[in-house]
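> Give me a 3D structure for the following:
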Amino acid sequence: MFKNFLRRLTAGLSIFTASTSSAYDNSQYPAFEMATVGRGFENISIHPNDNEWLISECSDAFTPYSNCYLMIYNLRNRSYKRLGLSKNYAYVEGRFSPTGEQIIFVRQPPSKKGGHADVMNSYSNGEIVVMNRDGSNFRVLPIPPNRIISPTLSPSGTKLAYLVAGSNNPRGHETFLAFFEIWEFDLNSGEHQLFAGPMKFYHATTISYLSESEIIAGAFAPAYTSEPKARDYFEPYQGSEIFKIKRGVQSAPEPNYYDFPFAKFPTVDRYGNIFYETAPQKIGFALTRKDILGKITLWREPRMNLGSVSQYAAAPSGDYVAFIYESPSIKPIGGKHALGFFELRNEKWNSVIPPPMNESILVPLKTTH
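Numbers count the residues shown, from 1 in each chain. Predicted structure coming up:
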């Protein structure tokens, strides 16, 4: 109990030591013009050039049912391109490689009926694909189809980590999947094994390599409990959903980020600065940065739907952070999500509205195996 008390005391005191930008006023909600129509955006990855976003968007623009496509949005010229992959699959969880020369993603059978059982079948048969940007060297990794999310390449490009859910959640639960493990595939040897653990995270959203031997995970409630708000986990760490995990550790360490409540959605720039969301008292939701020296900066999020941000993605340069949020539209057309980004230099929140899916530019691919 004394250890838990010290954790809470430290977290409480940290709110006075965290610095904020001199120009940014955290006592007021910043200006932000939200998109009025929601779309099926599911994921963002930013190229090392800082301009191109790899986006998964689900739409019924080209099929009688909603299917998911890999899109590239250019922040500079606002073009929107659709990668010419087979319509026999849905494509989600796209990521650029550290060099930007490759693309990694999960392909699944499309959920044509849209019911819970059909959606679960789609999730349960995910495969990881690695290919060059032009589609050449197209490889489906020899990993058993499974409930796979967030595949990501190591800095050297020789290993690929990914999250696997151990089970489906019944209809009515907040999340489709539960009890996640971090697996790793060696692209040279073809071996795949647990990166660490077993962890059995009740919930997980993303992983990224911090180095060749360490991963940062957006995850919640490791093996100790099947109840995500169990007092022995939730209270000591203020609901933190961020872990740093070294390869080979046998159990989940304590969360690394609980200076402020509800830390989640971690994302990393090339310099090792960590961006994530928190919910400090008297501020509400805030974009938070912990730099490599440990200094914390807070930027209050715009007034959006409660808890509406579902992903942050830091530009490799650290100059801005892209995000997906829930559109306030009452009757979303084709989905419920919208895009935006926060510029650190001028501390401005911006909306991003790509051209409609049916106006996107098709990019033919050389899908050689």
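
> got the phi/psi numbers for the closest residue in space to E359 that isn't next to it in sequence?
Closest residue to E359 in three dimensions, ignoring its sequence neighbours and counting by Cβ to Cβ, 6 or more residues apart in numbering: Y80, at 7.3 Å. Bear in mind the C-beta positions are built from the backbone N, C-alpha and C, glycine included. Reported as degrees, to the nearest 10, the phi and psi values for Y80 are phi -130, psi 110.

> any idea how far Y80 is from Y69?
In this structure, Y80 and Y69 are 11 Å apart, going by Cβ to Cβ, to the nearest Å.

> and if you look at S211?
33 Å.

> Among those two, which residue is more densely surrounded?
Between S211 and Y69, counted using other Cβ atoms under 10 Å, the more crowded position is Y69 (24 against 12).

> In contact with the more buried one, which residues are there?
Y69 is in contact with 56-59, 62, 82-83, 85, 91, 357, counting by Cβ atoms under 8 Å, 6 or more residues apart in numbering.

> Selecting buried members of the residues you listed in ChimeraX, what would you type?
Selection of the buried residues among the contacts of Y69 in ChimeraX, burial being defined by 16 or more other Cβ atoms under 10 Å:
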select :56,57,58,59,82,83,85,91,357
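
> In CSV, list the contacts of Y69 along with pLDDT and secondary structure.
Written out in CSV, the entries for the contacts of Y69 read as follows (pLDDT from 0 to 100; DSSP: H, G, I helix; E, B strand; the rest coil):
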residue, pLDDT, secondary structure
S56, 97, strand
E57, 97, strand
C58, 94, strand
S59, 94, strand
F62, 92, coil
R82, 97, strand
L83, 97, strand
L85, 96, coil
Y91, 97, strand
M357, 95, helix
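
> In JSON lines, list the contacts of Y69 along with distance to F41.
Compiled in JSON lines, these are given as follows (distance: Cβ to Cβ, whole Å):
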{"residue": "S56", "distance to F41": "7"}
{"residue": "E57", "distance to F41": "5"}
{"residue": "C58", "distance to F41": "8"}
{"residue": "S59", "distance to F41": "10"}
{"residue": "F62", "distance to F41": "17"}
{"residue": "R82", "distance to F41": "14"}
{"residue": "L83", "distance to F41": "15"}
{"residue": "L85", "distance to F41": "18"}
{"residue": "Y91", "distance to F41": "13"}
{"residue": "M357", "distance to F41": "11"}
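
> what's the closest of the contacts of Y69 to N273?
Distance to N273 across the contacts of Y69 (Cβ to Cβ) is lowest for S56, with 25.0 Å.

> Look up how far I148 lies from Y123.
For Y123, the distance to I148 (Cβ to Cβ) stands at 9 Å.

> More neighbours: which of these two?
Each of Y123 and I148 had its neighbours counted (other Cβ under 10 Å), and the higher figure belongs to I148 (26 against 22).

> Not counting its neighbours along the chain, what's nearest that one?
Here the nearest residue to I148 in space, its sequence neighbours aside, is G126; by Cβ to Cβ, 6+ apart that works out to 4.1 Å.

> A178: how many residues sit nearby?
Close neighbours of A178, defined as other Cβ under 10 Å, add up to 21.

> change the start of the numbering to 36 and stick with it
Shifting the count to begin at 36 puts that one at A213.

> my read: it touches R182, true?
No. The pair A213 / R182 is not scored as a contact, 9.4 Å apart, by Cβ atoms under 8 Å.

> Which pLDDT value goes with the closest residue to N308 other than its chain neighbours?
The spatially closest residue to N308, leaving aside those adjacent along the chain, is D326, at 4.8 Å (Cβ to Cβ, 6+ apart). Looking at D326, its pLDDT reads 96.

> Any idea how many residues pack against D326?
15.

> Please report how far it lies from V141.
Noted for D326: a distance of 32 Å to V141, by Cβ to Cβ.

> One more: Y124?
From Y124 over to V141 the distance is 9 Å, taken as Cβ to Cβ.

> who's more crowded, these two?
The neighbour count for Y124 versus V141, taken as other Cβ under 10 Å, is higher for V141 (26 against 20).
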